[in-house]
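In: Can you look at this prediction? I've put the sequence above it.
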Amino acid sequence: MTDAPATQGDAPKRFRSPPYPSIGLAKAIERAKQLHKIALDHPVGVAVLADAWGYTAKSSGLWATAAALLQFGLLTDEGTGAKRKFQLTEPAIRMVRDTDPTSAKRQEAIRRAALLPMIHRELWDKYRTLDGIADVVVQNYLTLDRRDEGKAEYSGASADDVIRSYKDTISFAGLAKSDTLSPALEDTAEALETDPSSETPRPPKAKIGDYVQWTSGGVDQFTPPRRVDEILDGGTHLRVFGSLTGVPMSEVHVVDRPAAPPIRQGSAPTVPQAQARDSEDNELNVLLKGDRLQITADLDAAGVAKLKDVLTKYEEILTLLGTA
């Protein structure tokens, strides 16, 4: 069965490659240094990232750089839209502030970050350093073989970027083909280790729908805890609602679902709590702050109907607030 031809006005569907860091780890650490100079370890908005890196707030280069730091575990993010905040992680602070060229802790943090992006760990497990392997072999794997394995494939241009970034990162981290991973690096694969008495892999620590806290470098990264939306790479990583970052399964623990945010009350009528799950696939959070709404949603058709009802009630509230 062939796809129906596009009707006039239909936009062609844009191909999207899976996530990958567009810059190597060395460049990402330089970007972390630039941000640290003006923000230290405080959470900041996108305007501060743009100022630190010399981009405009809507530049594609800005968002590509932020995505790379997120994937290397150098940056975390919270919130959406104008309220979205970014913060350097403890490993990033170690890499930025530890200037001892012989520092084992800094080198360990670098080696760990090098394999934190999901595609980097995948290539390491399959090819190690890529020494002696022709680029075309890796390109074929990324653009063709991954699809045969039921994984999302990369475009040709993205595959070239992945290979370049991976080679630069592995070289910078000083990883050699003969290296065995230290216990800290092996943490990212802990969920797949087998019990000595069994051939069955251990199940992932968290499953889709669970709420988790991510602890990296002894510091909790999520405020509040996030819902798991996807289990990646057979259980070594997961992705949480509202973020594209792959989080190591070994660094999360399941927590209770966070309480619904409070609804501001005053002269406006009371509305039902706007944090709801109509089914396992729906997530709706609405927070009223002053005269503005903060909305985070992941909805099916039933959830959209719920959202429409909630927005109608909040429209009444905002109208009253504006005339009060």
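Out: Arrived safely, thanks for sending. Bear in mind that the values here come from a model prediction, so they are computed numbers and not experimental data. Residues are numbered from 1 along each chain as shown.
In: Is it correct that Tyr141 is in contact with Lys126?
Out: Yes - between Tyr141 and Lys126 there is a contact at 7.2 Å, judged by CB atoms under 8 Å. Where you see a C-beta, it was placed from the backbone N, CA and C, and this is true even at glycine.
In: Compare neighbour counts for the two and give me the winner.
Out: Neighbour totals were compared for Tyr141 and Lys126, and Tyr141 leads with 20 against 12 (other CB atoms under 10 Å).
In: so who does that one touch?
Out: Contact analysis of Tyr141 by CB atoms under 8 Å, 6 or more residues apart in numbering lists Lys126.
In: ok so it is a helix residue?
Out: Yes - with DSSP: H, G, I helix; E, B strand; the rest coil as the criterion, Tyr141 is part of a helix.
In: And it, how far from Gly246?
Out: Distance, Tyr141 to Gly246, by CB to CB, to the nearest Å: 19 Å.
In: and what of Lys37?
Out: When Lys37 is compared with Gly246 (using CB to CB), they lie 28 Å apart.
In: Now do the contacts for the residue nearest in space to the middle of the chain.
Out: Computing the C-alpha centroid of the chain and ranking residues by CA atoms, centre = their mean puts Thr245 first, at 1.0 Å. Listed by CB under 8 Å, 6+ apart, the contact set of Thr245 reads 70-71, 76-77, 239.
In: List the contacts of the residue nearest to Leu144 when sequence neighbours are not counted.
Out: Of all residues not flanking Leu144 in the chain, Glu153 sits nearest, at 6.7 Å (CB to CB, 6 or more residues apart in numbering). For Glu153, the contacting residues are 17-18, 142-144, 146-147, by CB under 8 Å, 6+ apart.
In: ok, now with 7 Å
Out: 142-144, 146-147 (CB atoms under 7 Å, 6 or more residues apart in numbering).
In: Buried ones among these?
Out: 142-143, 146 (16 or more other CB atoms under 10 Å).
In: As JSON lines, the residues you listed with distance to His42 would be great.
Out: Below are those laid out as JSON lines (distance: CB to CB, whole Å):
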{"residue": "Leu142", "distance to His42": "37"}
{"residue": "Thr143", "distance to His42": "41"}
{"residue": "Arg146", "distance to His42": "39"}
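In: my read: Ser158 touches Ser17, true?
Out: Yes - judged on CB atoms under 7 Å, Ser158 makes contact with Ser17 at a distance of 3.8 Å.
In: and for those two, which residues touch both?
Out: By CB under 7 Å, 6+ apart, no residue touches both Ser158 and Ser17.
In: Neighbour count: Lys37 and Gly246, which is higher?
Out: Just comparing Lys37 and Gly246: by other CB under 10 Å the higher neighbour count belongs to Gly246, 25 against 10.
In: Relative to Phe72, how far out is the more buried one?
Out: 11 Å.
In: Please enumerate the strands of the stretch 101-250 of the chain.
Out: Applying DSSP state E, counting those that start in this stretch to the stretch 101-250 of the chain gives strands spanning 211-216, 219-220, 226-232, 237-240, 247-248.
In: The protein - how does it break down into domains?
Out: 25-178, 205-255, 275-323 (automatic domain parsing).
In: Including mean pLDDT, could the ones you listed go into CSV?
Out: Formatted as CSV, these follow (pLDDT from 0 to 100):
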stretch, mean pLDDT
domain 25-178, 92
domain 205-255, 78
domain 275-323, 66
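In: Pro18 versus the residue nearest to Leu144, what's the distance?
Out: Counting by CB to CB - Glu153 and Pro18 are separated by 8 Å.
In: With Val44 instead?
Out: Separation of Val44 from Pro18 (CB to CB) stands at 28 Å.
In: what's the answer for Gly61, then?
Out: On the measure of CB to CB, Gly61 and Pro18 end up 20 Å apart.
In: try Glu251
Out: 21 Å.
In: who has more neighbours, the two?
Out: Per other CB under 10 Å, whichever of Glu251 and Pro18 has more neighbours is Glu251, with 21 against 18.
In: Over to the more buried one: give its phi and psi.
Out: phi -100, psi 10 (degrees, to the nearest 10).
In: who does the helix or strand hosting Glu30 touch, helix- and strand-wise?
Out: Using DSSP states H and E, Glu30 maps to helix 25-39. Applying 3 or more CB pairs under 7 Å, 6 or more residues apart in numbering; DSSP states H and E, one finds that helix 25-39 contacts helix 46-53, helix 60-71, strand 85-88, helix 90-97, helix 104-114, helix 156-173.
In: Which members of the contacts of Thr245 define the maximum pairwise distance?
Out: Farthest-apart pair in the contacts of Thr245 is Thr76 and Arg239; separation 13.8 Å (CB to CB).
In: Mind checking which of those two has more residues around it?
Out: Thr76 (24 against 19).
In: partners of Val215 in the sheet?
Out: Heads up, residue 215 is Thr, not Val. Asp220 (DSSP bridges).
In: isn't it right up against Glu251?
Out: Yes - in this structure Thr215 lies within contact range of Glu251 using CB under 7 Å: 5.9 Å.
In: okay but Gly235 is in contact with Met249, surely?
Out: Yes - Gly235 is within contact range of Met249, at 5.8 Å (criterion: CB under 7 Å).
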